[in-house]
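Peer 1: quick one, fold the following:
(2 chains)
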Amino acid sequence: MKISILGGRLIDPANGLDQITNIHIAAGKVVALGDAPAGFEAGQSIDANGQIVCPGLVDLRACLREPGQEYKATIVSETRAAAKSGITTLVCPPDTDPVADTPAVVDLIRHRSIQAGFARVLSLGALTQNLDGKQLAEMGALKAAGCVGVSNAHTAIKNTQVMRRAMEYAASQDLPVFLHAEDPSLADGGCAHEGAVSVRLGLPGIPEIAESIAVARELQLVEQTGVRAHFCQLSSERAAKMIARAQYDGLPVTADVAAHQLFLTEMDIGYFDSQCHVRPPLRTQRDRDGLRAALKRGTISAICSDHQPHDTDAKLAPFPSSAPGISALETLLPLTLRLVDENILSLSEAIACLTHHPAHIVGTSSSLAIGDCADVCIFDPEQYWEFTTESMASQGHNSPFLGWEFKGRVTHTLLAGHIVFNTRN
Amino acid sequence: MKRRNLQLDEHGRLRHLLTIEGLKRQQIVDILDTAESFITVDDQQARNAQVRKVPLLRGKTIVNLFFEASTRTLTTFELAAKRLSADVLKININTSATVKGESLLDMLQNLEAMQCDMFVVRHGDSGAAHLIAQHVAPHISVINAGDGQHAHPTQALLDIFTIRRHKGEFAPLTVAIVGDIMHSRVARSQIHALTTLGISDLRVIAPKTLIPAQVEGLGVHVYHDMKEGLHNADVVIMLRLQKERMQGALLPSEQEYFQDYGLTEEKLAVAKSDVMVMHPGPINRGVEIDSEVADGPRSVILEQVSNGIAVRMAVMSMVLGRPPMDKESEGTAQ
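Peer 2: Predicted structure coming up:
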């Protein structure tokens, strides 16, 4: 179907565009900006007056729980929630069950997502078999199956020699490694930032150095092996500064931050609010501000959701025994837009952190130039709405942001020229 | 929402007792005064206070729900409930069993269906009592009998009750808590209680491995040396050192711990001459405390145990015995 999006403010950071214009789409691609080409007859027109039109969002970390934990969520349920949130590309970590260490699992995830038809799902392959930190996974085969990178997810590779070899091998395959920097011994048993709140509540702590010591090791290995490395979901100011230094020194490293880390701190745990149990843990106000500053400087170039939908029981446990994570797809854009309201980022920078930058990290593009794939997010930047469980599409209702009022809401999402979400439906 | 003080009802009275943190000074004093009222008149001067039986909670059912092993806490809660004429049910849940949140809340629902009025809960996870209090039916009260490393409020209350019986005023006191502060819910509750009561100098003494990060923020002074930390102390509270702390690189050996941090008459010499020595029990003789001190004239360790009954009676009767409030009596009722 041919679609015209009329009168919206197109913000396309990849092409440096910010202007009110029309977009015309045919056969899944952008065919014209501004005036329709001769003979173009739109089957559907979307009136985007007063709306922002941007490339579909790219989320660098979304656990879809399928295969293995379908009682928490499924590819269908979560890609539908993504479409509702303007997200057209999800990057899925390899810690599924079974682990995505073979092409079969990667194929399964891709087929299910194509069947569902709500969003593109890209997989990260496992760095080691079954994430055991011992034997390298078949990275060549995983790459051939479409993996955009390799990662050991939250399972740390304790053996530094294995980590070095894994990075060398990934570098040979020209695959970026996605790193969750956490020293397993320092983090062992912990569930909250080691500091003012953990001492008060008697919660086993995860010190800030659990992150920075791991970042230090990985940075030296990156330098040694030459692998492209992406640091996932930084939580501390110190780690962000170390990455900034490495980038200054010319190392091929990038980093992202989970949106919740830019708003919440350890204080939000209050009296054991398990919705604020996340990994890495919420840290101090200073860390939150340091992460915001790193985002502004560009050290951290992408904001991700770190989506982790859970069943109700997973959070209905004493804080240390509750499962970490937030069902976060639906708050990714609203939280990022709040950074614009708080003058941390310009609107164009904010959108770049959700589109162009993360796409670049996984080696794809996110752009609405002529000939590009028509993945489009259209949102009303002025609409106020309350985030409630009733409004959630994700199967997981675990979020510390329930009850928050947000400004800016997605009205349409297009995936390869097809409308996959429309508020008027 | 979740931030509101779960422990208080709409009139500001104690509905649950989950932690000392957030209690007002007067609320703590009320609990101590009530506990005092349970101690029989002719035994006021006795070393081990005697407690009489009263019919305050006749017809109420109290369930002791212990997910962690306990002897004296469980026993004194049971005794306290019986002295208040309540019916008591004891449920011991094997600690090694995988008792997760879902089964925990399921179990509570079943118990609620049996018309209970109060859960006394001990659990290995910090925050367990809060979780239960958030989910119980409105007519049920929860008393925290120890949750993970978070809080053990009735232990702290009986400790300050014992201190008050000996010292009278809190303000001029110097109190030193010695030992495994890091893993101690007792210490956390004692710190909150003593700072709320406004004592002048509260110290914690331990090697750095047993001091949690940013403990100063709770209002204590940190010492790593017994001689300095015990200097001029009015009260010394020794904490139990769990055997498993010898693993995990926290301490080299029991011998060295006793050498540096075990309480002996010699180390105690720098404290005030009328210093009182306390311990929440059970004692590891020769590890954190020398028998000579534990059994000596300045030790109030056994007295703490019997005071535990009166204090737990006070808490249970205040929580369960709240009279329904109407408009006229509001503000005057205690």
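Peer 1: so what's B:G101 scoring on pLDDT?
Peer 2: pLDDT, B:G101: 51.
Peer 1: then A:M1?
Peer 2: We have a pLDDT of 86 for A:M1.
Peer 1: show me where the stretch 1-150 of chain B dips below the pLDDT cut-off.
Peer 2: The stretch 1-150 of chain B contains residues with pLDDT under 70 at B:1-4, B:41-50, B:94-103.
Peer 1: now the strands for it?
Peer 2: Counting by DSSP state E, counting those that start in this stretch, residue ranges of the strands within the stretch 1-150 of chain B are B:61-66, B:87-92, B:118-123, B:141-147.
Peer 1: is it possible to get CSV of the ones you listed that adds distance to A:A244 and mean neighbour count?
Peer 2: (Glycine included, C-beta is placed from N, CA and C.) What follows is the strands of the stretch 1-150 of chain B, written out as CSV (distance: least, Cβ to Cβ, whole Å; neighbours: other Cβ atoms under 10 Å in any protein chain shown):
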stretch, distance to A:A244, mean neighbour count
strand B:61-66, 51, 22
strand B:87-92, 55, 15
strand B:118-123, 43, 26
strand B:141-147, 41, 27
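Peer 1: just the strands in the stretch 151-300 of chain B please.
Peer 2: Assignment of strands within the stretch 151-300 of chain B using DSSP E, counting those that start in this stretch yields the ranges B:174-178, B:201-205, B:221-223, B:235-238, B:276-278.
Peer 1: pipe those into TSV and attach mean neighbour count, distance to chain A and mean pLDDT per row.
Peer 2: TSV is the format used below for these (neighbours: other Cβ atoms under 10 Å in any protein chain shown; distance: least, Cβ to the nearest Cβ, whole Å; pLDDT from 0 to 100):
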stretch	mean neighbour count	distance to chain A	mean pLDDT
strand B:174-178	26	14	98
strand B:201-205	22	11	98
strand B:221-223	16	12	98
strand B:235-238	27	17	98
strand B:276-278	23	20	97
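Peer 1: need the three-state assignment for the closest residue to chain B within the stretch 301-425 of chain A.
Peer 2: As assessed by Cβ to the nearest Cβ, chain B sits closest to A:A317 within the stretch 301-425 of chain A, at 2.5 Å. With DSSP: H, G, I helix; E, B strand; the rest coil as the basis, A:A317 sits in coil.
Peer 1: domain parsing for chain A?
Peer 2: Structural domains annotated on chain A: A:3-53+A:372-392+A:406-422, A:56-361, as defined by automatic domain parsing.
Peer 1: most tightly packed of those?
Peer 2: domain A:56-361 (a mean of 22; mean count of other Cβ atoms under 10 Å in any protein chain shown).
Peer 1: what distance separates that one from the centre of its chain?
Peer 2: 7 Å (Cα atoms, centre = their mean, to the nearest Å).
Peer 1: ends of that domain, what's the gap?
Peer 2: This stretch, domain A:56-361, spans 15 Å end to end (Cα to Cα, to the nearest Å).
Peer 1: quick one: average confidence on it?
Peer 2: The model assigns domain A:56-361 a mean pLDDT of 97.
Peer 1: could you do stretch B:226-234 as well?
Peer 2: pLDDT averaged over stretch B:226-234 gives 97.
Peer 1: could I get the strands of the stretch 151-300 of chain B as CSV with distance to A:A187?
Peer 2: Shown next, in CSV, are these (distance: least, Cβ to Cβ, whole Å):
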stretch, distance to A:A187
strand B:174-178, 28
strand B:201-205, 25
strand B:221-223, 24
strand B:235-238, 31
strand B:276-278, 35
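Peer 1: which of the domains of chain A sits closest to B:E266?
Peer 2: For the domains of chain A, the distance to B:E266 is smallest for domain A:56-361, at 31.7 Å, taking Cβ to Cβ.
Peer 1: what packs against the top helix by length along chain B?
Peer 2: Longest helix in chain B, counting residues (DSSP state H): helix B:301-320. With contacts taken as 3 or more Cβ pairs under 8 Å, 6 or more residues apart in numbering or on different chains; DSSP states H and E, helix B:301-320 sits against helix B:25-37, helix B:72-83, strand B:118-123, strand B:141-147, helix B:153-167, strand B:276-278.
Peer 1: and the angle for that helix with strand B:61-66?
Peer 2: Going by axes from the mean of the first three to the mean of the last three Cα atoms, to 10 degrees, helix B:301-320 is angled at 130 degrees with respect to strand B:61-66.
Peer 1: include distance to B:G146 when you put the domains of chain A into TSV, please.
Peer 2: Shown next, in TSV, are these (distance: least, Cβ to Cβ, whole Å):
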stretch	distance to B:G146
domain A:3-53+A:372-392+A:406-422	33
domain A:56-361	10
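Peer 1: residue contacts, B:E68?
Peer 2: Contacts for B:E68 (Cβ atoms under 8 Å, 6 or more residues apart in numbering or on different chains) come out as B:T95, B:R122, B:H123, B:G124, B:G146.
Peer 1: what's the closest of those to chain A?
Peer 2: Distance to chain A across the contacts of B:E68 (Cβ to the nearest Cβ) is lowest for B:H123, with 6.6 Å.
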